[in-house]
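Q: sharing a model that was predicted from the sequence below.
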Amino acid sequence: MLVWFTEKAPLRRKISIVMACLQAYMILQILVQLVSSEMDLPLAVQRYLGLGGFVVSSLMVFGARWVLINRAAVPFEAITALTERIAAGKLDEQIPYTLWTDCAGRLAKALSTFRTALIKQLDLQKIAQESATEQQRMSELT
């Protein structure tokens with residue numbers, strides 16, 4: 001499931017899943033509060049339940065933040081930085097995430113295609129320049 005979430009799920013789905021988990025927990029927390037108040041639990045127990053709920057919800061928010069950053073944002077940041085380096089002429093770097101089928105993977109595949117086309121174009125320009133130089137040299141000899 002984590003592989004699917006990380007490498008295949010579209011970005012919108014990733015965000016929706018994380019937010020749905022947080023919403024489900026919030027509903028669960030409300031139900032716990034309702035049940036604890038209906039059971040006439042002592043106030044101290046209700047406070048501990050509330051405090052426990054706060055701790056668990058804080059951990060869930062932290063976890064959701066971690067998941068969204070590491071499973072969604074980091075790949076896009078890496079591809080963006082790599083795109084900038086390729087645009088600056090650094091064409092020998094490995095492109096990550098090309099095996100993924102999510103948005104980051106599709107973007108990485110497109111970047112790989114652009115880089116390959118750029119390398120071919122630069123090779124053709126080099127060949128054309130060498131050919132022009134050779135023709136110039138040959139015309140000077142005759």
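A: Nice, thanks for sending it over.

Q: do a quick rundown of the helices in this protein.
A: 2-3, 11-38, 43-68, 74-87, 103-141 (DSSP state H).

Q: tell me which of those helices is the most buried.
A: Most buried of the helices of the chain by mean neighbour count (mean count of other C-beta atoms under 10 Å) is helix 74-87; its value is a mean of 15. C-beta: built from backbone N, CA, C; applies to glycine.

Q: and that one, what does it pack onto?
A: Here helix 74-87 touches helix 103-141, going by 3 or more C-beta pairs under 8 Å, 6 or more residues apart in numbering; DSSP states H and E.

Q: so where's this protein uncertain?
A: By pLDDT under 70, the chain contains no weakly predicted segment.

Q: returning to what we had before: would you mind giving the helices of the chain as a markdown table with distance to Pro96 added?
A: Shown next, in a markdown table, are the helices of the chain (distance: least, C-beta to C-beta, whole Å):
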| stretch | distance to Pro96 |
| --- | --- |
| helix 2-3 | 16 |
| helix 11-38 | 17 |
| helix 43-68 | 19 |
| helix 74-87 | 6 |
| helix 103-141 | 6 |
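
Q: who wins for proximity to Ile95 among those?
A: Ile95 lies closest, by C-beta to C-beta, to one member of the helices of the chain: helix 103-141, at 4.8 Å.

Q: and the closest one, what other elements does it pack with?
A: helix 74-87.

Q: what sits against the residue nearest to Leu107 when sequence neighbours are not counted?
A: Distances taken as C-beta to C-beta, 6 or more residues apart in numbering place Ile79 nearest to Leu107, at 5.4 Å, with adjacent residues excluded. For Ile79, the contact set (C-beta atoms under 8 Å, 6 or more residues apart in numbering) comprises Ile95, Pro96, Tyr97, Ala104, Leu107, Ala108, Leu111.

Q: distance of Ile79 from Thr142?
A: 52 Å (C-beta to C-beta, to the nearest Å).
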